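Trainee: Could you look at this predicted model? Sequence included:
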Amino acid sequence: MKIPNIGSNFIREWESNYYKCEEDYEDERRYQGLIKSVKADVAKRGAISEKTLEGILKWKLGRYYGEDGNVCWGAYGRIYDPRLRLIISESISDNHKLFILIWDEDKLKAKLPVVSGVLANIHGNPDGFGVPVASTVLHFIFPDRFPIIDIRTAEMLYLADEIKSPNRYDYRVYDQFRSAMLEIASKTDFSLHQIDRSLFAYHRDKLQLEIDKKFNALRIGLGYTKEAIGKSLPLDAPRKLRRGVIDQIKKDP
């Protein structure tokens, strides 16, 4: 396949291709509703309400939401509200806001000693959110400053050599991802949300098909049978395997 140039023409074409069924339109309606809810919450109370945060997580995690074990709703005011207030305030730079949500205590102590008091309740929920969910929360608060990273958008930017790894769980990859997305937005005048939709649609409709095709061509050499993994390479396949297949596509497009 020809490696796409992620510019204005690409975004214009593929964002319009995002919408395939009523569920896609409903997804967009929920997104826009959450943007309004977050804006109203921040204006009213300087933080996100428990109900709004739950809506964001449901939107992001979908059917996996019930399996998310990191959220301690009974301690929302003690664990979540202080951190959300902190990232919403401009006292913390954009480069540090992600750390507040992924709650890597060692990194926070080294980089942000000023928030040591806010970390007092970190015990019992030390891991916080993963990078994809944290980026989603940040996006709804700052939709023009933080893009959402997920497997499809990360693999698309990796395919286009905009980032060095498609590992969406690595905060260092998110730094690269965010810089690349902001640069695309600056050059094209499209919003981060529009760029996200275009990358998602291209991956779903074209790249995933090429990944499946390449995987089937490489299957025997990789030691995988159809019985073991099926005819296609699922999104939740081992990250190293998916990256290896994309590397082959980049070498022999």
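Mentor: Sure thing, it's come through.
Trainee: can you list the weak-confidence ranges in the stretch 151-253 of the chain?
Mentor: Low-confidence segments of the stretch 151-253 of the chain, defined by pLDDT under 70: 220, 222-230, 253.
Trainee: which stretches of it form helices?
Mentor: For the stretch 151-253 of the chain, applying DSSP state H, counting those that start in this stretch gives helices covering 151-159, 171-188, 192-202, 208-222, 226-229, 239-251.
Trainee: Take those helices and lay them out in JSON lines including mean neighbour count and distance to G77.
Mentor: For the C-beta atoms, the positions are set from N, CA and C on the backbone; glycine is no exception. What follows is those, written out as JSON lines (neighbours: other CB atoms under 10 Å; distance: least, CB to CB, whole Å):
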{"stretch": "helix 151-159", "mean neighbour count": "24", "distance to G77": "33"}
{"stretch": "helix 171-188", "mean neighbour count": "17", "distance to G77": "26"}
{"stretch": "helix 192-202", "mean neighbour count": "23", "distance to G77": "30"}
{"stretch": "helix 208-222", "mean neighbour count": "15", "distance to G77": "42"}
{"stretch": "helix 226-229", "mean neighbour count": "10", "distance to G77": "45"}
{"stretch": "helix 239-251", "mean neighbour count": "15", "distance to G77": "36"}
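Trainee: would you list these in a markdown table and tack on distance to S8?
Mentor: A markdown table is the format used below for these (distance: least, CB to CB, whole Å):
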| stretch | distance to S8 |
| --- | --- |
| helix 151-159 | 16 |
| helix 171-188 | 5 |
| helix 192-202 | 10 |
| helix 208-222 | 23 |
| helix 226-229 | 38 |
| helix 239-251 | 23 |
